[in-house]
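> show me the folded form of this:
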Amino acid sequence: MVLQDFFSCIINDNGIPSTVLMSIYDTDELNGVEVKFSVNQRNDFDKFKNEAQEVLMYFPVKPSVKGSTYFTVKEQTYIDPYDTPVQKRDSRGRFLPKGV
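The predicted structure is shown next:
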C-alpha cells in the first residue's frame with residue numbers, strides 16, 4: 001500500500017499560481033503522475049495540442065494522453081553528421097536545457 005496525494009493548482013488571491021494539497025490516502029495504484037484539466041473551446045484545444053506536441057517530444061518517457069483520438073506526441077528528429085552530442089533546439093530555434 002502506498003500513499004496518494006491529491007493536489008489542486010490554482011491562482012491564489014494575489015494572482016500567483018499555487019498548489020494546494022487536497023487529500024492524502026492509501027492506494028494500490030502504481031506510482032506515477034496524473035494531470036487533468038479542461039480545455040474550454042475548440043481553438044484553445046488546438047493551440048494546446050500543438051504546443052504540447054512541441055514540448056513533449058523532448059521527454060524521454062512519452063505521456064499517455066486521454067480525451068483526444070488524434071493527439072500524438074511528435075518524435076524528435078535531428079541529424080548529427082559527426083555523431084557528437086548536439087544541444088537540442090525547439091521549433092522556434094531556442095536551445096533546450098541539457099538532458100531534455
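> so Leu3: helix, strand or coil?
Under DSSP: H, G, I helix; E, B strand; the rest coil, Leu3 falls in the strand class.
> do the one 5 residues further on as well
Ser8 falls in the strand class when you classify it by three-state DSSP.
> and the strands in the chain?
For the chain, the strands defined by DSSP state E occupy 2-11, 17-27.
> what about stretch 19-33, average pLDDT?
Mean per-residue pLDDT for stretch 19-33: 88.
> CA atoms only for stretch 47-67, dumped as CSV, please.
Provided in CSV are the C-alpha atoms of stretch 47-67 (Å, rounded to 0.1, in the frame of the first residue of the first chain):
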residue,chain,number,x,y,z
LYS,A,47,-3.4,25.6,-29.6
PHE,A,48,-2.8,23.5,-26.5
LYS,A,49,-2.4,20.3,-28.6
ASN,A,50,0.2,22.0,-30.9
GLU,A,51,2.2,23.4,-28.0
ALA,A,52,2.1,20.2,-26.1
GLN,A,53,3.3,18.2,-29.1
GLU,A,54,6.3,20.5,-29.4
VAL,A,55,7.3,20.3,-25.7
LEU,A,56,6.5,16.6,-25.1
MET,A,57,8.6,15.3,-28.0
TYR,A,58,11.8,16.0,-25.9
PHE,A,59,10.5,13.9,-22.9
PRO,A,60,12.3,10.5,-22.8
VAL,A,61,9.1,8.9,-21.5
LYS,A,62,6.1,10.0,-23.5
PRO,A,63,2.8,10.6,-21.6
SER,A,64,-0.4,8.8,-22.2
VAL,A,65,-2.9,11.4,-23.4
LYS,A,66,-6.6,10.7,-22.9
GLY,A,67,-9.6,12.5,-24.2
